[in-house]
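S.K.: Based on what follows, work out the 3D shape:
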Amino acid sequence: MNLKLPFDVEPLVYTKDHLNRVLSDCAERGVSDLIFASGNPVSYKYHGLAQRVGSRLLTEDEMRSLMNSISSNGGSAVLSGRDYDFRYEVIRPNRGGYYRFRVNITQTLTGASAIFRSISDQPLPVEKLNVEPELLRALINVKKGLVLVTGPTGSGKTTLLSSVLRERLLHEHIHLVTFESPIEYVYHEIKGLKGVVSQTE
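M.R.: A predicted model of the protein is given here:
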């Protein structure tokens, strides 16, 4: 797939409006990641393959301004050189609701980089996970103790945990409190919940 820009001409400087239009277009087409990085053109990942959207190289000033426009801490993260994760939402045109993204800002050799990863509206049912049933049962039935879920970026840690929490909320009269950085999946719109969840960021 070769994604084209959702506007006629590549902008001289990306604004929040340009970003939102590209993100909306990416979400519509099933793109997993949109990458804005200083010294590089805008890129995206589709089925694990990286492709360039445009040809113009993004500047550090442009990145700082863009990150300031979408997050109160984004620009300062760019200046300080620290990593920063947050959730970003774009209004879904014509259908209501939002496209949701997890954003990671980090410093690279060429300057600031921001990766926008698309997030589903709700966690997947556990039946749709490619995980051994015995492992799922063990996770779902944990009542106390500490469970560590580890793996590289994109390996499905958050997807697994959110699906397990979804299963428990559907079948148990419990109150779950989450501490997330940032909040990705949300549960309150899932139909038929028996449990209650309080998500904090």
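S.K.: And the strands in this structure, which stretches?
M.R.: For the chain, strands defined by DSSP state E occupy the ranges 33-37, 43-46, 49-52, 84-91, 98-108, 111-119, 175-179, 196-200.
S.K.: helices and strands around the fourth one, which ones?
M.R.: The one in question is strand 84-91. Under the contact definition 3 or more CB pairs under 8 Å, 6 or more residues apart in numbering; DSSP states H and E, strand 84-91 sits against helix 16-29, helix 74-80, strand 98-108. In this view, the C-beta of every residue, glycine as well, is placed from N, C-alpha and C.
S.K.: ok, 10 Å please
M.R.: Judged by 3 or more CB pairs under 10 Å, 6 or more residues apart in numbering; DSSP states H and E, strand 84-91 is in contact with helix 16-29, helix 60-70, helix 74-80, strand 98-108, strand 111-119.
S.K.: just the ones you listed: most buried one?
M.R.: Ranked by mean neighbour count, those are led by strand 111-119 with a mean of 21 (mean count of other CB atoms under 10 Å).
S.K.: got the angle between that one and strand 33-37?
M.R.: 170 degrees (axes from the mean of the first three to the mean of the last three CA atoms, to 10 degrees).
S.K.: Mean pLDDT lowest where, among the helices and strands packed on strand 84-91?
M.R.: Of all the helices and strands packed on strand 84-91, mean pLDDT reaches its minimum on helix 74-80 (a mean of 68).
S.K.: In space, what's closest to Arg102 - neighbours in sequence excluded?
M.R.: Arg117 (4.7 Å; CB to CB, 6 or more residues apart in numbering).
S.K.: How much space separates that neighbour from Arg92?
M.R.: 17 Å (CB to CB, to the nearest Å).
S.K.: What number of residues are in the vicinity of the closest residue to Asn73 other than its chain neighbours?
M.R.: Computed as CB to CB, 6+ apart, the closest residue to Asn73 that is not its neighbour in sequence is Tyr84, at 6.0 Å. Residues within reach of Tyr84, counting by other CB atoms under 10 Å, total 20.
S.K.: The chain should start at 48 in everything you say after this.
M.R.: Shifting the count to begin at 48 puts that one at Tyr131.
S.K.: picking up where we left off before, distance to Ser245 added to the helices and strands packed on strand 131-138, as CSV?
M.R.: As requested, these are exported to CSV (distance: least, CB to CB, whole Å):
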stretch, distance to Ser245
helix 63-76, 27
helix 107-117, 26
helix 121-127, 26
strand 145-155, 19
strand 158-166, 19
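S.K.: Quick one: closest of those to Leu207.
M.R.: In terms of CB to CB, the element of the helices and strands packed on strand 131-138 nearest to Leu207 is strand 158-166, at 14.5 Å.
S.K.: for that closest one, packing partners?
M.R.: Using 3+ CB pairs under 10 Å, 6+ apart: strand 158-166 touches helix 63-76, strand 80-84, strand 90-93, helix 107-117, helix 121-127, strand 131-138, strand 145-155, helix 204-218.
S.K.: Could you check the angle that strand makes with helix 107-117?
M.R.: Using the same axes, to 10 degrees: strand 158-166 against helix 107-117 is 40 degrees.
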